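S.K.: Give me a model of this one.
(chains A and B)
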Amino acid sequence: MGNIIFILFRIFPILLFLCLEILAFAILSRYNPYYNANITNRSNSFIGKWYNSIEEVRSYFGLKQLNNDLAQQNSMLLTENFLIKSQLNTLLDTPAIRIIKSNITLSNFEVFSAKIIYNSLTNTRNFFVINKGSVDGIEEEMGVISQDGPIGIVLSVSKHYATCMSLINQDANLSIKVKKSNQIGVLKWHGPGVQYGMIEDLPKHVKLKKGDIIETSGHSTYFPEGIEVGSVVKQTLSSEKDFAEVYVKLNNDFSKLKHVFVIKNNNSKELKGVLKNLDSLTQIKPNGK
Amino acid sequence: MENKPIRILLIGLLLFFIHVLFTKNINFFELINPQIFPIFFLLFPRSFNTSFLLIVGFLYAFLIDFFSVNLGVSIVPSVLICFLKPFILKLIYNRDASETPIISVEIQGMKFILRYLFISLFIYHIVYFFTEVGNFYNIFYVVLKSFLSTVLSVLLYGTFMFLFSTHSNKREIKI
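M.R.: Modelled structure (predicted):
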């Protein structure tokens, strides 16, 4: 204790000196107009740099939240986009049938954002799991898209998760059309690469060029019309078959998927009911014969 | 300077008025601006301890600054040389001179005092002008100005002493 007091006594002049100098600079900065401006400028630039670097570091920790927010925003924008597209269609196509059709197929899509938590790529039947389930409004047989195009269909739903069949699954069929000519076909995937799909039922007379855009047809209940799927790489015409084989480079990079959007078709039940009736009608006919 | 409070106070007042009325307004060629008031605490009796001198230096410089535009500019170097005073004295102390608490021409000799004042005032002026300018862009100019101002300050002091203590052996020296 005595030592501490002794040391304090020894360094008291130094402490006093420092205090007085600080006080002097305080007076200088407070009452001297030049210093006032100068110190304010300097401290502004210093504090600006300091906060900037802190913010740069901090923003990294906020990226997750930011991503989620952006995904949410994107889903809202997509919903809006579909709605606007449908309204545009109704404006452009005057025939009454087209109006009804577009109303059914396009205007009733709802979009949820989700995140892929598991994704298989190497099998012939690939699946992925998203972090949204029945609690979040996900149901079976909903379409799943990323920002670059369709990627799969929801197969089964648990409370908080949903398992989806990937587009790179040999059982997957995607109803597509050629953007330029509106020719309809089905896109399949046979592997092994995750980048290419194939259209097998396109008639031979449809000539496609490299780079022609393939988009969803809107004929299925999963996806609205006009979502880009990929572009044509090459078309092979074999004499044995009636149909050409068209290789399509998919827009999606399935190995990099993270944020996805689940599309809900509010009219899908009704539409499926109609299709079922159609099936039963066609089945009755031969039986009736 | 003797160890009598009234005398110290009078010398302080004298230097204060000399500064405020006279040397404050000297600015030859924008290069020579002598500050002689620090002599007050440079020749302050050593019987008072450093902490007391620091406070005296602070208040005195505050008072000086109060009568000039740049409030705070003199306080920084004043407090600094009050703090450095014992170190400077130790550095140049003439071994022959007795370690009396009083610093005066009579005891330590004119040569010693002038040397001591020159070093101290040079430090004072350098810090003062840098503080006044507020940046380090014109280092050569500031150093030159400090040097010339110090020379003039010491000359002023010397002249003053020469005029008022010509018979130094007979009369008591005041400062």
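S.K.: what helix or strand does the closest residue to chain A within chain B sit in?
M.R.: Proximity to chain A, evaluated over chain B using CB to the nearest CB, is greatest for B:Gly72 at 3.4 Å. For every residue, glycine as well, the C-beta is placed using N, CA and C. Secondary structure assigned from DSSP states H and E places B:Gly72 in neither a helix nor a strand.
S.K.: Just give the number of residues close to it.
M.R.: Counted with other CB atoms under 10 Å in any protein chain shown, the burial measure for B:Gly72 works out to 21 neighbours.
S.K.: Which pLDDT value does the model give it?
M.R.: Reported pLDDT at B:Gly72 in the predicted model: 78.
S.K.: Any idea how many residues pack against the nearest residue to it once chain neighbours are set aside?
M.R.: With CB to CB, 6 or more residues apart in numbering or on different chains as the measure, A:Leu28 is the residue that lies nearest to B:Gly72, at 3.4 Å, once sequence neighbours are left out. Here the number of neighbours of A:Leu28 (other CB under 10 Å) works out to 23.
S.K.: A:Leu28 belongs to a helix?
M.R.: Yes: membership of A:Leu28 in a helix is supported by DSSP: H, G, I helix; E, B strand; the rest coil.
S.K.: got the contact list for the residue of chain B closest to chain A?
M.R.: Counting by CB atoms under 8 Å, 6 or more residues apart in numbering or on different chains, B:Gly72 touches A:24-25, A:27-32, A:35, B:65.
S.K.: Let me see the ranges of the helices in chain A.
M.R.: A:2-31, A:33-61, A:63-92, A:96-105, A:268-288 (DSSP state H).
S.K.: By mean pLDDT, show me the worst of these.
M.R.: Between the helices of chain A, the lowest average pLDDT goes to helix A:96-105, which shows a mean of 47.
S.K.: Can you report phi and psi for B:Pro45?
M.R.: Reported as degrees, to the nearest 10, the phi and psi values for B:Pro45 are phi -60, psi 140.
S.K.: To clarify, my last question referred to B:Ile36.
M.R.: Torsion angles, degrees, to the nearest 10, at B:Ile36: phi -100, psi -10.
S.K.: gap between A:Gly143 and A:Asn265?
M.R.: Taken as CB to CB, to the nearest Å, the spacing of A:Gly143 relative to A:Asn265 amounts to 8 Å.
S.K.: ugh, wrong one, B:Leu63
M.R.: Applying CB to CB, the value for B:Leu63 to A:Asn265 is 86 Å.
S.K.: If you count surrounding residues, which of these two has more?
M.R.: Counted by other CB under 10 Å, B:Leu63 and A:Asn265 do not tie: A:Asn265 has more neighbours, with 24 against 15.
S.K.: right, and that one touches A:Phe82 too?
M.R.: No: assessed by CB atoms under 8 Å, A:Asn265 is found out of contact with A:Phe82, at 10.2 Å.
S.K.: what touches both of these two?
M.R.: The overlap between the contact sets of A:Asn265 and A:Phe82 (CB under 8 Å, 6+ apart) consists of A:109, A:224.
S.K.: circling back to that earlier point, what do A:Gly143 and A:Asn265 both touch?
M.R.: The contact lists of A:Gly143 and A:Asn265 share A:Tyr222, where a contact means CB under 8 Å, 6+ apart.
S.K.: got the phi/psi numbers for the residue of chain B closest to chain A?
M.R.: For B:Gly72, the backbone dihedrals are phi 100, psi -20 (criterion: degrees, to the nearest 10).
S.K.: dump the residue contacts of whatever residue of chain A ends up closest to chain B.
M.R.: Of all residues in chain A, the one sitting closest to chain B is A:Leu28 (3.4 Å; CB to the nearest CB). Taking CB under 8 Å, 6+ apart as the contact definition, A:Leu28 lies against A:35, B:71-73, B:75-76, B:131.
S.K.: now those residues in a markdown table, with distance to A:Phe223?
M.R.: What follows is the contacts of A:Leu28, written out as a markdown table (distance: CB to CB, whole Å):
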| residue | distance to A:Phe223 |
| --- | --- |
| A:Tyr35 | 68 |
| B:Leu71 | 75 |
| B:Gly72 | 74 |
| B:Val73 | 76 |
| B:Ile75 | 77 |
| B:Val76 | 75 |
| B:Thr131 | 74 |
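S.K.: and of the residues you listed, the nearest to A:Ile227?
M.R.: Nearest to A:Ile227 among the contacts of A:Leu28: A:Tyr35, at 63.7 Å, using CB to CB.
S.K.: since we're on B:Phe40, how many residues are nearby?
M.R.: The number of residues packed near B:Phe40 is 24, by other CB under 10 Å.
S.K.: element containing it, please.
M.R.: Using DSSP H and E, B:Phe40 falls in helix B:39-42.
S.K.: following that helix, which helix or strand shows up next?
M.R.: helix B:50-66.
S.K.: where along chain B do the strands fall?
M.R.: Ranges of strands in chain B, per DSSP state E: none exist.
S.K.: give the contact list for A:Pro203.
M.R.: Shown here is A:Pro203, whose contacts under the criterion CB under 8 Å, 6+ apart are A:183, A:242-244.
S.K.: Quick check: the two most widely separated of those?
M.R.: Those two in these that are separated most widely, counting by CB to CB, are A:Gln183 and A:Asp242, at 14.4 Å.
S.K.: more neighbours, these two?
M.R.: Neighbours were counted for A:Gln183 and for A:Asp242 using other CB under 10 Å; A:Gln183 has more, 19 against 9.
S.K.: how about the residues of chain B near chain A?
M.R.: On the criterion CB under 8 Å from any CB of the partner chain, chain A has as its neighbours in chain B the residues B:49-51, B:54-55, B:58, B:62, B:70-73, B:75-76, B:79-80, B:82-83, B:131, B:134-135.
S.K.: Selecting buried members of those in ChimeraX, what would you type?
M.R.: Buried members of the residues of chain B next to chain A can be picked out in ChimeraX with the line below, counting by 16 or more other CB atoms under 10 Å in any protein chain shown:
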select /B:50,51,54,58,62,70,71,72,73,75,76,79,80,82,83,131,134
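S.K.: which residue packs closest to B:Phe147, ignoring adjacent ones?
M.R.: Excluding the flanking residues, the one nearest B:Phe147 by CB to CB, 6+ apart is B:Phe122, at 6.8 Å.
S.K.: same deal with A:Gly226?
M.R.: Spatial nearest neighbour of A:Gly226, excluding adjacent residues (CB to CB, 6+ apart): A:Glu215 at 5.4 Å.
S.K.: Let me see the contact set for the one you found.
M.R.: For A:Glu215, the contacting residues are A:176-177, A:179, A:225-229, by CB under 8 Å, 6+ apart.
S.K.: give me that answer again for 7 Å
M.R.: Neighbour list for A:Glu215: A:176-177, A:179, A:226-229 [criterion: CB atoms under 7 Å, 6 or more residues apart in numbering or on different chains].
S.K.: which among the residues you listed end up buried?
M.R.: With neighbours counted by 16+ other CB under 10 Å, these contain buried members at A:176-177, A:226-229.
S.K.: Which member of those is positioned nearest B:Leu91?
M.R.: Using CB to CB, A:Glu228 is the member of the buried ones among the contacts of A:Glu215 that sits closest to B:Leu91, with 83.5 Å.
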